[in-house]
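In: sequence first, predicted model second:
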Amino acid sequence: MKNTSIPMPNRERFRAICLGERPGDVAIMDWFNRYWTDTPKEWVKQGAPRDILKPEGFNRYFQMEHIHNLQEIVSEHNRADLPEAEAGEGFYVTPPILPVFEKKVIREDARHRVEMTYGGSVVEVSKEFPWRMPKYLERPVRDRATWNEYRKRLDPYTPERWPADWWGFVEKVNSEDTPTLIMVEGFFGILREWTGLENLLYMFYDDPGLVEDMMDQVLYLDLGILQRVVRDIKIDFVRIWEDMAYKAGPLISPDMVRKFMVPRYRKLTDFLHSQGIDIIHLDSDGNITELIPIWLEVGINFLWPLEVAAGMDAVALRKKYGKELILSGNIDKRVFARGKEAIKEEVMSKVPFLVETGGYFPGLDHAIPPDISLEDFRYFINLLREIGGMEKLPE
């Protein structure tokens, strides 16, 4: 039975949905329907207003509900998406390293450009498809000597991490009835960005002390930032970026996760729980089935994007874990290439059940790519609105 007719402040409603207390409530929220940088540019060409090029305009056009993305610690994998750090719309972006490296072109030809990223990697970027992941040619952390230099950029107390008008920013965020998220780093994904995957996997065996040293620095960075933020700002949930799995499973064994990562997860989640924050979101691509019980043990209880191509199934997870696990995403982005009937079949096979059982936020199983048409994405949003008893988007 639907429980959506009872008015509720946005922050309270978000929490109630997470806890499974509003069965049938369809919350179409911007953070769970993120998009590639070039997606709104392509949609403007297809007839959308230019206003969608800005996040607030995008939200208005699709009538998405907003989550304050308070502080995103943008990782190297977002290298093309790093905007200038600024306070506004409850959004403040900082990279994990400060100061950043000078972003510069090293060489280029007709098809490719080789450049230094702000994170210190050397990458080859396709000029034809600039939104695609670049080819990494060199990573900034190769051994203990390069790590000792790199870690100097990971001080949580660097003044540039914070809005110049901190108290103005605090007042703005706290005064608005909007769920507020702070984003921090996990203990595998960011190391992989610094070292490269193959090098990191060897380090676990050849120099485990170095791996632990890097993880400890990430924990120091996360806790330093969180301690300041939660002192002054009401945080509704915390997101951890981890990306540590591929199609067949995790990139390291569950035993290694328990040995290297669980003690640090516990320190992080124990602090959050001590501050009354019990909704802890984790972002990892790939098949994370073996890792879910471990994350639940340490208090991580909210997952995204649940990639269908990697075998993730939100309906099966709901049946297995019930309300213990909060879910988001899991709408297969590949079905958009097959037309509206395929989109409808995918949505209707999952969303009605998941929202009725509670603790689910619908969205694609990763950021919206630019090859999805404006027409098809509007159709998708209207299906969700219909399930939630809302009117269709205006033409």
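Out: Looks like it came in fine.

In: if I look at the closest residue in space to Q275 that isn't next to it in sequence, how far off is N174?
Out: Distances taken as Cβ to Cβ, 6 or more residues apart in numbering place V230 nearest to Q275, at 4.8 Å, with adjacent residues excluded. C-betas here are computed from N, CA, C, even on glycine. V230 sits 12 Å away from N174, going by Cβ to Cβ, to the nearest Å.

In: also D236?
Out: With the distance defined as Cβ to Cβ, D236 ends up 12 Å from N174.

In: these two: who's more crowded?
Out: D236 (20 against 13; other Cβ atoms under 10 Å).

In: since we're on the closest residue to that one other than its chain neighbours, how many residues are nearby?
Out: Excluding its sequence neighbours, the residue lying closest to D236 (Cβ to Cβ, 6+ apart) is P179, at 4.5 Å. P179 has 26 neighbours, counted by other Cβ under 10 Å.

In: over to L282?
Out: L282 has 22 neighbouring residues, counting by other Cβ under 10 Å.

In: okay, and the beta partners of it?
Out: Beta-bridge partners recorded for L282 (DSSP bridges): I240, L303.

In: residues touching it, list them.
Out: Shown here is L282, whose contacts under the criterion Cβ atoms under 8 Å, 6 or more residues apart in numbering are G186, R239, I240, E242, W295, I300, F302, L303, W304.

In: any idea how far P305 is from it?
Out: According to Cβ to Cβ, L282 and P305 sit 11 Å apart.

In: and for G168?
Out: Using Cβ to Cβ, one gets 34 Å for the distance from G168 to P305.

In: which one of those two has more residues nearby?
Out: Counted by other Cβ under 10 Å, G168 and P305 do not tie: P305 has more neighbours, with 23 against 11.

In: was I right about the more buried one contacting L327?
Out: No - counting by Cβ atoms under 8 Å, P305 does not reach L327; the two are 10.1 Å apart.

In: hang on, the earlier thing: touching both of L282 and P305, which residues are there?
Out: Counting by Cβ under 8 Å, 6+ apart, L282 and P305 have no common neighbour.

In: how many neighbours does E185 have?
Out: Under the neighbour criterion other Cβ under 10 Å, E185 is assigned a count of 23.

In: low-confidence ranges, the stretch 151-300 of the chain, go.
Out: Counting by pLDDT under 70, the stretch 151-300 of the chain contains no low-confidence segment.

In: would you map the helices across it?
Out: Using DSSP state H, counting those that start in this stretch, the helices assigned to the stretch 151-300 of the chain run over residues 166-175, 189-195, 197-206, 208-232, 254-256, 262-274, 292-297.

In: ok, the closest residue to G120 other than its chain neighbours - contacts?
Out: Spatial nearest neighbour of G120, chain neighbours left out: P140 (3.3 Å); criterion: Cβ to Cβ, 6+ apart. Applying Cβ under 8 Å, 6+ apart, we find P140 in contact with F101, G119, G120, S121, T146, Y150, W194.

In: go again with 7 Å.
Out: Listed by Cβ atoms under 7 Å, 6 or more residues apart in numbering, the contact set of P140 reads G119, G120, S121, T146, Y150, W194.

In: from those, which two are the most distant?
Out: Distances among these were taken as Cβ to Cβ; the most separated pair is G119 and T146, at 13.0 Å.

In: give me the more crowded residue out of the two.
Out: A count of neighbours by other Cβ under 10 Å puts G119 above the other of G119 and T146, at 26 against 15.

In: distance of that one from Y360?
Out: Separation of G119 from Y360 (Cβ to Cβ) stands at 34 Å.

In: before we move on, what about N69?
Out: 20 Å.

In: tell me which of those two has more neighbours.
Out: Remark: of N69 and Y360, Y360 carries more neighbours, 29 against 20, as counted by other Cβ under 10 Å.

In: residues near the residue nearest to the more buried one when sequence neighbours are not counted, how many?
Out: Leaving out its chain neighbours, the residue that sits closest to Y360 by Cβ to Cβ, 6+ apart is L354, at 3.8 Å. By other Cβ under 10 Å, the residues close to L354 number 20.

In: phi and psi next, for L354.
Out: Note on L354: its backbone torsions stand at phi -70, psi -40 [degrees, to the nearest 10].

In: ok, it touching D313?
Out: No - L354 lies out of contact with D313 (Cβ atoms under 7 Å); the separation is 10.9 Å.

In: and the residue nearest to I279 when sequence neighbours are not counted, what does it touch?
Out: Take I279 and drop its neighbours on the chain: the residue closest to it by Cβ to Cβ, 6+ apart is F237, 3.8 Å away. When contacts are counted by Cβ under 7 Å, 6+ apart, F237 touches L181, I277, I279, I280, H281, F302.

In: separation between the residue nearest to D236 and I279?
Out: From P179 over to I279 the distance is 9 Å, taken as Cβ to Cβ.

In: find residues that contact each of these two.
Out: Counting by Cβ under 7 Å, 6+ apart, the shared contacts of P179 and I279 are D236.

In: sounds good, over and out.
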